[in-house]
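Colleague: here is my input, please return the structure:
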Amino acid sequence: MLKIVYMKNLIKTFFIFIVIISTSNVQAQTGFGVKGGLNFTFFKVEEGSFGETPDVELGYYIGCFVDFEIENGFLLQPELLYINLGDFDFLNAPIYLKYKIKDHFDILVGPSLNYFFDFSNAKLKVRADLGFAYTFTSRLDLHMKYTIGFEEISPNGVFLGLACKL
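Modeller: From the prediction side, this is the model:
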């Protein structure tokens with residue numbers, strides 16, 4: 001029950017953020033979409049408990065994103081992702097600065113806020129993301145990102161998936 005309340009509050013906060021940005025003076029195109037895929041998480045456990053403490057764990061993620069065009073090939077792309085990783089569930093809310101390197105190739109970089117439902121303390125973690133996206137069509141792209149955890153029990157991970165603009 002408590003997990004549902006936290007998810008609802010985080011989702012409300014995300015959508016309030018989207019509304020504020022979309023009603024500001026950003027005079028550009030906005031795109032919305034969904035994404036999902038697999039994540040490979042690499043634990044560096046010296047503190048905390050991850051069950052059997054595996055070195056690498058496979059999980060999945062699903063979520064949504066919004067693209068706000070800024071100018072000259074730069075976009076702002078906030079996302080909200082639900083991530084399942086073995087026995088752990090968490091929300092991931094990266095805020096990317098996205099740059100179009102070439103016609104079909106983008107680079108994404110930015111902070112990533114994570115809310116872990118299953119930890120008794122230190123539930124909120126900040127990580128850094130570096131990602132790449134290859135656009136197949138105007139609506140479909142393949143993306144990959146690397147997430148760096150800054151704390152002992154904040155794992156690094158590689159995400160690989162598809163995004164579809166609606």
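Colleague: only C-alpha atoms from now on, for both contacts and neighbour counts.
Modeller: OK.
Colleague: need the contact list for residue 92.
Modeller: Each residue near residue 92 by Cα atoms under 8 Å, 6 or more residues apart in numbering is listed here: 79, 80, 81, 82, 83, 112, 113, 114, 115.
Colleague: which residue, other than its chain neighbours, is closest to the second one?
Modeller: What that stands for is residue 80. residue 93 (4.7 Å; Cα to Cα, 6 or more residues apart in numbering).
Colleague: likewise residue 85?
Modeller: Closest to residue 85 by Cα to Cα, 6+ apart is residue 59, at 4.4 Å.
Colleague: and the helix or strand hosting that neighbour, which strands flank it?
Modeller: Using DSSP states H and E, residue 59 maps to strand 56-71. If you go by DSSP bridges, strand 56-71 pairs up with strand 30-42 (antiparallel), strand 74-85 (antiparallel).
Colleague: you'd agree residue 160 is in a strand?
Modeller: Yes: assessed by DSSP: H, G, I helix; E, B strand; the rest coil, residue 160 belongs to a strand.
Colleague: and the residue nearest to residue 32 when sequence neighbours are not counted, how far from residue 88?
Modeller: In space, and not counting its chain neighbours, residue 32 is closest to residue 66: 4.4 Å by Cα to Cα, 6+ apart. For residue 66, the distance to residue 88 under the criterion Cα to Cα, to the nearest Å works out to 26 Å.
Colleague: look at these two and report which has more neighbours.
Modeller: residue 66 (20 against 14; other Cα atoms under 10 Å).
Colleague: these two touch, right, that one and residue 80?
Modeller: No: look at residue 66 against residue 80 with Cα atoms under 8 Å: they stay out of range, at 9.3 Å.
Colleague: that'll do, ta.
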